[in-house]
Each structure stands twice: as structure tokens, then as C-alpha cells.
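Undergrad: I need the structure of the sequence given here:
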Amino acid sequence: MEKLFGEEKYKEIIALENESVNFTGEELYQLGFAFFREENDDKAIEYYDKALNKGYTKPHIFFYRGLSEMYMKKYNEALKDIDKAISEAPLAEFYYEKIRIYKINKDIVSEEKTFLEALSKAEQKDDWYKKIIGIAGNYYYVEKKDYTKSEEIYKDGIAEFPKEYSFYTKLIKTLNAANKFSEANQYFDKIKVFYDNKELPEEDMKFKNLSVDEFAWKNQFVNVHRYFDKPKEMLDALYVVYLIDEKGEKVERKFKIEKTIQIEKKDPEFVICEEINDGHRTFPIGFKNDSFTLSSLRSEIIRILNKEIK
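TA: Residues are numbered from 1 along each chain as shown. Sure thing, here's the model as predicted:
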């Protein structure tokens with residue numbers, strides 16, 4: 001049994017069910033887990049119960065019984081079992097599934113309480129813990145608009161996982177939403193080092209930019225991406241801006257803040273352009289250099305969207 005379990009041969013374990021009368025408590029747990037992996041939650045719970053009756057009471061048996069109960073929509077029973085597992089081993093994975101139950105039940109108060117507890121008490125700082133950081137940071141960023149709390153969570157996440165690049169972009173967006181542009185730029189410079197060293201995920205390396213800001217226009221969202229490479233030639237872009245359609249499914253309009261020719265020092269170094277079906281449109285809006293803030297860029301994009309500038 002132990003060998004089969006280690007090799008994840010769950011169908012072969014299930015085939016031994018008729019011999020289960022002689023199984024130890026741990027072997028009964030393993031049989032229950034095999035049924036769980038084959039999506040038979042009734043049978044999984046049956047053998048978890050038998051394992052418990054034989055004195056096998058390690059935390060993960062309560063956790064997995066709770067998972068089966070969750071999939072069977074027995075949420076109260078699931079919470080009791082997962083709470084039992086957490087009380088004995090406060091692992092991030094256990095907290096994550098508890099959060100998921102509250103999310104399913106739309107119990108936002110309990111969900112928030114649970115992820116805050118997880119961030120302070122979870123014993124292992126693993127991938128599950130990273131997921132909880134993402135849930136908590138996004139909750140305060142999107143739902144509460146509490147950018148200070150979101151900032152705190154992502155900074156703690158970066159301190160714990162300095163190579164978790166997604167936390168940088170989320171922190172940058174949070175700082176920009178709070179109009180902390182200088183600090184956001186500092187974190188952009190940090191992640192640019194990862195880009196220069198070719199350490200970022202393949203998609204970020206491919207597109208050579210990072211999502212740094214988003215804001216609402218009417219009932220649509222505008223996403224702002226900043227390029228890692230400093231513009232050197234005419235038409236090189238500093239930012240690309242996407243207007244997302246009302247369904248949030250595709251790009252409706254695409255703008256770029258591009259480098260232009262400066263005839264005189266007083267002329268703008270960057271202009272706003274739009275990619276259109278038959279080519280390229282340049283708006284009569286310029287920025288003297290690349291030191292303009294995202295606040296200024298937001299204002300000008302909104303003016304364009306409102307047809308104040310043509």
C-alpha cells in the first residue's frame with residue numbers, strides 16, 4: 001500500500017478495497033484519499049471515518065475530509081474539519097481552502113478574517129501562502145480601495161518572496177492608484193533589473209512591458225503598461241494604453257505614448273498616438289520629457305475618450 005500510495009497509483013489502491021478490513025488506520029486513510037483523487041467523495045469520507053475510528057488522527061485527514069465535504073456542498077461540516085486541521089497544523093493550504101469556502105458562500109467578513117489570520121499565523125511560507133497574499137492584496141485593492149493595506153501586504157510578500165515578480169506589478173499598481181508615483185517608479189526600477197537580467201516570466205520578456213496602472217472610464221477600464229526599455233528612436237514607445245470593452249473581454253482602443261522629433265528644446269519629446277484600422281493617428285498632446293506623472297497621462301487619455309481632443 002505504501003509503495004502504491006507513493007507512486008500515486010490510486011486505481012490500484014482502490015482495487016484493494018475488499019482487503020480493507022485488515023488495513024491499519026493509515027492505510028484506511030490512504031484508501032480514502034485514493035477515492036478522493038478519483039472524485040468519489042462519499043467513499044473517501046467512509047474510509048476517512050474508518051481511519052479515525054482506528055486512531056489515525058493526523059491533521060491532514062481532517063483537512064481532506066473537509067475538502068470532500070466542501071465538494072459535496074456540506075460547508076458547515078467542511079469548516080469544522082478544516083478548523084480542526086488548522087488548530088493542529090496551521091498550514092497555508094488549509095487556510096486557503098477555508099477562504100475558498102467563505103468565497104463560495106459570499107461570506108466576505110469571514111473571508112477577510114481568515115486570510116488576515118493566515119498571513120499572521122500560517123507556519124509554512126509556500127506557494128499556498130503566495131496565493132493568500134494575492135487574494136488579500138487584491139481584496140484591499142479592488143474591493144475596499146484600501147491602497148495602504150494592499151501596499152502593506154504586497155511589500156510583506158516581496159520581503160518574503162523577493163523573486164515573486166507578480167507581487168511587484170501588483171504593488172506598483174497599488175502605489176500608482178494611491179498616487180505614490182515616485183515610489184511606484186522605484187519598484188519599477190527594481191523589476192527592470194530582473195528584466196535586464198532576463199529573469200522575468202516568458203510573457204513579460206516577450207512583450208517588454210509591465211502593467212503599472214488601471215483606471216475606470218465610464219463603465220470600462222483602461223490599462224496602462226510601461227515599457228522596460230527607454231525610448232531612443234522616433235516612434236519608440238514609453239507607455240501603451242488599452243481601453244477594454246464593456247464586457248472586459250477584448251481591447252477596444254490602443255494608444256501609445258511615443259518618442260517624437262524635437263526641433264527645438266521647447267518641443268515635446270513624447271506624443272499620444274492611437275493605432276487605428278487604416279494606420280496611425282497622432283493627437284495634439286505632448287509631454288516635454290518622460291518625467292510626466294501617470295496622473296497627467298490619465299487626464300489626457302480621458303480627454304481623448306471624452307472626445308475633448310480630436
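Undergrad: Would you check how far apart the most centrally placed residue in the chain and Ile99 are?
TA: The structure's the chain has its C-alpha centroid closest to Gly134; by CA atoms, centre = their mean the separation is 4.6 Å. Applying CB to CB, to the nearest Å, the value for Gly134 to Ile99 is 11 Å. Where C-beta positions appear, they are placed from N, C-alpha and C, glycine not excepted.
Undergrad: before we move on, what about Ala78?
TA: Ala78 is 12 Å from Ile99, by CB to CB.
Undergrad: Kindly report the same for Lys208.
TA: Distance of Lys208 to Ile99, given as CB to CB: 35 Å.
Undergrad: before we move on, what SS does the residue nearest to the centre of the chain have?
TA: At Gly134 the chain is in helix, as set by DSSP: H, G, I helix; E, B strand; the rest coil.
Undergrad: List the contacts of it.
TA: 166-167, 170 (CB atoms under 8 Å, 6 or more residues apart in numbering).
Undergrad: Rank these by pLDDT and give me only the lowest.
TA: Of all those, Ser166 has the smallest pLDDT value, namely 93.
Undergrad: Not counting its neighbours along the chain, what's nearest that residue?
TA: Distance criterion CB to CB, 6 or more residues apart in numbering; nearest residue to Ser166, sequence neighbours excluded, is Gly134 at 7.2 Å.
Undergrad: any idea of the pLDDT on the one you found?
TA: For Gly134, the model assigns a pLDDT of 97.
Undergrad: any idea how far it is from Lys149?
TA: In terms of CB to CB, Gly134 sits 14 Å off from Lys149.
Undergrad: what's the answer for Ile61, then?
TA: 36 Å.
Undergrad: Counting neighbours, go ahead and name the busier of these two.
TA: Neighbour tally, Ile61 and Lys149, criterion other CB atoms under 10 Å: the higher count belongs to Ile61, 24 against 17.
Undergrad: Which member of the contacts of Gly134 is positioned nearest Ile302?
TA: If you rank the contacts of Gly134 by distance to Ile302 using CB to CB, Lys170 comes first, at 23.5 Å.
Undergrad: what's the helix or strand containing that closest one in contact with?
TA: Taking DSSP states H and E as the definition, Lys170 sits inside helix 165-177. For helix 165-177, contacts defined as CB under 8 Å, 6+ apart pick out 133-134, 137-138, 141, 145, 147, 150-151, 154-155, 157-158, 161, 181, 183-184, 187-188, 190-191, 194, 199-201, 204, 210-215, 294.
Undergrad: Pick out whichever of Lys208 and Ile99 has more residues nearby.
TA: Ile99 (22 against 13).
Undergrad: if I pick the more buried one, what's in contact with it?
TA: 111, 114-115, 118, 132, 135.
Undergrad: and stretch 194-202, which residues are buried?
TA: Under the neighbour-count criterion of 16 or more other CB atoms under 10 Å, stretch 194-202 has 194-195, 200 buried.
Undergrad: Then stretch 243-254?
TA: When burial is assessed from 16+ other CB under 10 Å, stretch 243-254 yields the following buried residues: 243-244, 253.
Undergrad: ok so, going back, most neighbours among the contacts of Gly134, which one?
TA: Phe167 (25 neighbours).
Undergrad: What distance do you get for that residue to Phe255?
TA: According to CB to CB, Phe167 and Phe255 sit 27 Å apart.
Undergrad: can you give me the helices for this structure?
TA: 2-6, 10-14, 25-37, 41-53, 59-71, 75-88, 92-104, 108-121, 127-138, 147-160, 165-177, 181-196, 202-207, 294-305 (DSSP state H).
Undergrad: To Gly248, which of the ones you listed lies closest?
TA: Short answer: helix 127-138, nearest of these by CB to CB, at 15.5 Å.
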